[in-house]
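> Build the 3D model from these lines:
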Amino acid sequence: MGHRYLKALEEGRLQRDQLKVFALQQHQIISSDLRSIALIVSRQGMLPSRRFLMNVLQGEAAALDALHAFADALRLDITDLEVLEPLPGAHLYCGFVAWLALYGCDAELAGGFLINFPAWEANCGRMRRALHEKYDVASAALAFFDLFANAFIVCSRR
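Reported below is the predicted structural model:
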């Protein structure tokens, strides 16, 4: 939770182009996660994890839509989002989730998400506050962060 990007964001030291990097990378990550989660649901979708994985899949789809509103606020369009080459760290995460979807079991993927969610939720909440307070980004453009700040609540229903 002490990442330098997050700290710089909270201190209002990031430039608009540095905010764009986040949106661009998230588009790649979420697009990849959607494919990976859909793959594991198709492989193991009749197991008790189905409801959890379907909630995660629906949450990722909603987050991708919400990310576009944030990208619009940064003056990025869909073409900008789709042509970007991911940073190595983002690509590594996507590769690992894809590997789990191809070769792992549902419990391994679900476990990975459940370990990741608390930190990701906290970071999204902090980013949302900083973007609104320090960068005057409208609340409507911050729905992406609102969705992920409550991801575990949504995914663990029922």
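
> Poorly predicted segments of this protein, please.
1, 151-158 (pLDDT under 70).

> could you pull out the helices for this protein?
4-10, 16-44, 50-73, 78-83, 88-103, 106-134, 143-149, 151-155 (DSSP state H).

> Can you tell me what sits against the third one?
To tie it back to what came earlier, the one meant is helix 50-73. By C-beta atoms under 8 Å, 6 or more residues apart in numbering, the residues outside helix 50-73 that reach it are 23, 26-27, 30-31, 33-34, 37-38, 40-41, 45, 77-78, 80-81, 106, 109-110, 113, 137-138, 140-148, 151, 154-158. C-beta: built from backbone N, CA, C; applies to glycine.

> rerun at 7 Å
23, 26-27, 30-31, 33-34, 37-38, 40-41, 81, 106, 110, 113, 137-138, 140-144, 147-148, 151, 154-155, 157-158 (C-beta atoms under 7 Å, 6 or more residues apart in numbering).

> Next one: the residue located most distally from the centre of the chain from L57, what distance?
Distance from the centre of the chain peaks at M46, with 25.5 Å (C-alpha atoms, centre = their mean). Distance from M46 to L57, counting by C-beta to C-beta, to the nearest Å: 15 Å.

> Also N123?
21 Å.

> what does G45 give?
Distance, G45 to L57, using C-beta to C-beta: 10 Å.

> Same question for Q25.
From Q25 to L57 the distance is 20 Å (C-beta to C-beta).

> just L114 next, same as before
Going from L114 to L57 by C-beta to C-beta gives 15 Å.
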